[in-house]
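Trainee: Can you look at this prediction? I've put the sequence above it.
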Amino acid sequence: MEINQYLDSTYLKTPEQSGLTEEQTFEIVRKLTDEAIAYNFKEVMIRPNYVKLIKDYLLSKNSAVLVGTVIGFHEGTYSLEDKLKEANQAILDGVDELDYVINYEAYKKGELALVEKEFIEGTKLGLDFGKNVKWIIEIAALTDSQIADLTANIWKWAQENFEEKDFAKIFVKSSTGFYITEGGKPNGATFEGVKIMLDNAGKLPVKAAGGVKTPADAEKMITMGIQRIGTSSAKALLGEGEAGTGY
């Protein structure tokens, strides 16, 4: 199975989180980009502050690799105003795809109107500028019934507010990779969680992020019906090298 074009090769640690300098961190991001070019991955998924530099770098290489970034990362509790401001800047910097962290804590508190409003406005902003938009629901923070309900609500809101031609550009995504779980439970995509998402996402594509560690895992996810895989071990999913312990 040719899985290259399913892969969003990802590096999202800040210098503070990794204990590296800003220069060392950017070098990791640049190497990630070179690897994505060499292996024809779909996208590099990076922090907003690197978008312009990496977009310009890809253009200089005449590469079709996309640039994606995260919005409201990683807690998802940013205000809608702050999320839209961050997304606007990423668009100005040349981003191709916006991966918003939905306010899943507000959802868990029953504040559905708040979550619906940010979905509608965040999605509209992206679509108005021709961008794909992904909504990270953080399945490790949710029960199975919450995963099903939140995914189903996103599908409902998409139908109520956007046209069918837009659905392929609106993804539901599993995880940030930064959620802290207890007892060694997985904090990324699981086959069980992704199946629930697929069963409730209607015509919206699903992205499995984090937790996909082997070529066999990747092939199973694709066979299940996911459209993208977010991974910090993209080469390992091609059978080259070992997967890391993180995202």
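Mentor: Yep, that arrived. Numbers count the residues shown, from 1 in each chain.

Trainee: Show the pLDDT at K185.
Mentor: Model confidence at K185, given as pLDDT, is 92.

Trainee: I'd guessed it sits against I139; true?
Mentor: No: counting by C-beta atoms under 8 Å, K185 stays clear of I139, with 10.9 Å between them. C-betas here are computed from N, CA, C, even on glycine.

Trainee: Give me the more crowded residue out of the two.
Mentor: When K185 is set against I139 and neighbours are counted by other C-beta atoms under 10 Å, the residue ahead is I139, at 32 against 9.

Trainee: Give me the phi and psi for the more buried one.
Mentor: As for I139, its main-chain torsions (degrees, to the nearest 10) stand at phi -60, psi -20.

Trainee: Now do it against Q146, distance only.
Mentor: Summarising the geometry, the distance separating I139 from Q146, computed by C-beta to C-beta, to the nearest Å, is 9 Å.

Trainee: Likewise for G183?
Mentor: If you measure G183 against Q146 using C-beta to C-beta, the figure is 19 Å.

Trainee: Give me the more crowded residue out of the two.
Mentor: More neighbours surround Q146 than the other of G183 and Q146, with 16 against 4 (other C-beta under 10 Å).

Trainee: What residue, apart from its backbone neighbours, is nearest the more buried one spatially?
Mentor: Closest residue to Q146 in three dimensions, ignoring its sequence neighbours and counting by C-beta to C-beta, 6 or more residues apart in numbering: K108, at 7.0 Å.

Trainee: so where's the protein shaky on pLDDT?
Mentor: Counting by pLDDT under 70, the low-confidence segments of the chain come to 242-247.

Trainee: what about 90?
Mentor: For the chain, residues meeting the criterion pLDDT under 90 lie at 1-2, 183-184, 240-247.

Trainee: can you pull the contacts of the spatially most central residue of it?
Mentor: Compute the mean C-alpha point of the chain, and by C-alpha atoms, centre = their mean the closest residue is D99, 4.8 Å away. Applying C-beta atoms under 8 Å, 6 or more residues apart in numbering to D99 gives the contacts M45, G68, T69, V70, I71, F73, K134, I136, K173.

Trainee: Pick the one among the residues you listed closest to I3.
Mentor: Nearest to I3 out of these is M45 (C-beta to C-beta; 16.0 Å).

Trainee: isn't there a helix covering that closest one?
Mentor: No: assigned with DSSP: H, G, I helix; E, B strand; the rest coil, M45 falls outside any helix and is strand.

Trainee: Beyond the helix or strand encompassing T123, next helix or strand please.
Mentor: Here T123 sits within helix 112-128, counting by DSSP states H and E. Next in sequence after helix 112-128, counting helices and strands by DSSP H and E, comes strand 132-136.

Trainee: the inter-axis angle of that following strand versus helix 112-128?
Mentor: 150 degrees (axes from the mean of the first three to the mean of the last three C-alpha atoms, to 10 degrees).
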